[in-house]
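In: Just need the structure, nothing else, for what follows:
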Amino acid sequence: MSAAVLLAAVVGGGVLLLLRRLFPRQKAVKLLRYPTDTMRGKTVIVTGANCGIGKALAGELLKVQARVIMACRDQRSAEEAAEDIKSRAGPEQGEVIVKHLDLASFGSIRAFCKDINEEESKIDVLVNNAGVYQCPYAKTEDGFELQLGVNHLGHFLLTHLLLDLLKTAAPSRIVVVSSKLYKYGRINFDDLNSENNYDKAFCYGQSKLANLLFTLELARRLEGTGVSVNALTPGIVRTRLGRHVKIPVLAKPLFLLASFVFFKSPLEGAQTPLYLACSPEVEGVSGKCFANCEEEELMAKATDDEAAKRLWDLSRRMVGLAS
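Out: This next block holds a predicted model:
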């Protein structure tokens, strides 16, 4: 063996070991298969369905004959995604409808919900999937820190304005996409809007913790209505969510290699929301969080009833629902 080949083998092995330490390989994801008529007659709204997990989920729902409403900020991208998933779904597929929804604008959310309430007789599943991750400091149209505004407040308002249609469809489901990075956040009630200090990683963790507390309190308030709500953490998935993360130029090739070797594909990441939207196994289950299609044990701060109630009341005032 030549010295060059030996050196390459040693360096390559070292890089592989480093990547394994940085990104522990997740266990193989089993792709779910449901009968093609599983969601026939059911209407499902998926936010952020033009790419990543949302697009993969919309495609899988289409295959089981759901009527999928893709609620997206980028209309052109959503229409292209719709054509793509329709071309892959096979002959016995459901229906796709593209609707504009900007979760950084309460006006857009209210306009979207007005149209939905006028056009739809029921909503069987609402998947709160869209999100932003560690973006530079910015505010929503209504003046809220962008990650909190999109990831939590936007979906908070959206869900409230669609509850009547969800109750009409009962038994119906709400699915909330959170993240394991909730572990690194806390609800800073003294500066929830990050006016005094902005840490993009903390604010993302705070918004994902808010998703879990919202799920907890909403499940309590929906008891007896036939509407269930569960959250999930999809794991590390190759999506555009991390587009704001700055990676040194020299490290990009290694990061791309790591993402393809160790991260989930969007389809793999979509399996747990698909499970929560379709599976009879979770019929009537509510207020839980799932990972890899199994119930996940959460940290105490994500199951804090008092914090959940306090965040609920504050969020209602922030989105203009409080009387």
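
In: mean confidence score for the helix or strand hosting G54?
Out: Using DSSP states H and E, G54 maps to helix 52-63. The pLDDT scores in helix 52-63 average 97.

In: in the stretch 101-250 of the chain, which spans are strands?
Out: In the stretch 101-250 of the chain, the segments counted as strands under DSSP state E, counting those that start in this stretch are 125-128, 172-177, 227-232.

In: from these, which stretch is densest packed?
Out: Of these, the one with the most neighbours on average (mean count of other CB atoms under 10 Å) is strand 125-128, at a mean of 28. C-beta: built from backbone N, CA, C; applies to glycine.

In: Does anything pack onto the helix holding G54? Which helices or strands?
Out: In terms of contacts (3 or more CB pairs under 8 Å, 6 or more residues apart in numbering; DSSP states H and E), helix 52-63 is packed against strand 43-47, strand 67-72, helix 75-88, helix 266-269, helix 271-278.

In: Could I get those in a markdown table, plus columns for mean neighbour count, mean pLDDT and distance to F290?
Out: Below are the helices and strands packed on helix 52-63 laid out as a markdown table (neighbours: other CB atoms under 10 Å; pLDDT from 0 to 100; distance: least, CB to CB, whole Å):
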| stretch | mean neighbour count | mean pLDDT | distance to F290 |
| --- | --- | --- | --- |
| strand 43-47 | 27 | 98 | 17 |
| strand 67-72 | 27 | 98 | 21 |
| helix 75-88 | 16 | 97 | 24 |
| helix 266-269 | 21 | 94 | 13 |
| helix 271-278 | 25 | 98 | 5 |
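
In: how about a markdown table for these, with distance to L314 added?
Out: Shown next, in a markdown table, are those (distance: least, CB to CB, whole Å):
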| stretch | distance to L314 |
| --- | --- |
| strand 43-47 | 22 |
| strand 67-72 | 25 |
| helix 75-88 | 32 |
| helix 266-269 | 31 |
| helix 271-278 | 27 |
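
In: who wins for proximity to D37 among these?
Out: D37 lies closest to helix 271-278 among the helices and strands packed on helix 52-63, at 11.4 Å (CB to CB).

In: that older thread, what angle do strand 227-232 and the helix holding G54 make with each other?
Out: Per axes from the mean of the first three to the mean of the last three CA atoms, to 10 degrees, the angle that helix 52-63 makes with strand 227-232 is 130 degrees.

In: how far does helix 52-63 sit from the chain's center?
Out: In this view, helix 52-63 has its centroid 12 Å away from the chain centroid, taken as CA atoms, centre = their mean, to the nearest Å.

In: and that helix, C-alpha only, in PDB?
Out: Extracted as PDB, the C-alpha positions of helix 52-63 are listed here (Å, rounded to 0.1, in the frame of the first residue of the first chain):
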ATOM      1  CA  GLY A  52     -38.800  19.400   3.700                       C
ATOM      2  CA  ILE A  53     -40.900  17.400   6.100                       C
ATOM      3  CA  GLY A  54     -44.100  19.200   5.100                       C
ATOM      4  CA  LYS A  55     -43.800  18.400   1.400                       C
ATOM      5  CA  ALA A  56     -42.900  14.800   2.200                       C
ATOM      6  CA  LEU A  57     -45.900  14.500   4.500                       C
ATOM      7  CA  ALA A  58     -48.200  16.000   2.000                       C
ATOM      8  CA  GLY A  59     -47.000  13.500  -0.600                       C
ATOM      9  CA  GLU A  60     -47.600  10.600   1.700                       C
ATOM     10  CA  LEU A  61     -51.100  11.900   2.600                       C
ATOM     11  CA  LEU A  62     -51.900  12.200  -1.000                       C
ATOM     12  CA  LYS A  63     -51.100   8.500  -1.600                       C
END
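
In: List of residues touching that helix?
Out: Residues outside helix 52-63 that contact it (CB atoms under 8 Å, 6 or more residues apart in numbering) are 32, 36, 39, 44, 46-49, 68, 70, 81-82, 84-86, 88-90, 93-94, 96, 127, 129-130, 177, 234, 237, 239-241, 265-267, 269-270, 273-274, 277-278.

In: related to what we said a few turns ago, okay if I get the strands of the stretch 101-250 of the chain as TSV plus distance to I187?
Out: Output for those, formatted as TSV (distance: least, CB to CB, whole Å):
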stretch	distance to I187
strand 125-128	18
strand 172-177	16
strand 227-232	15
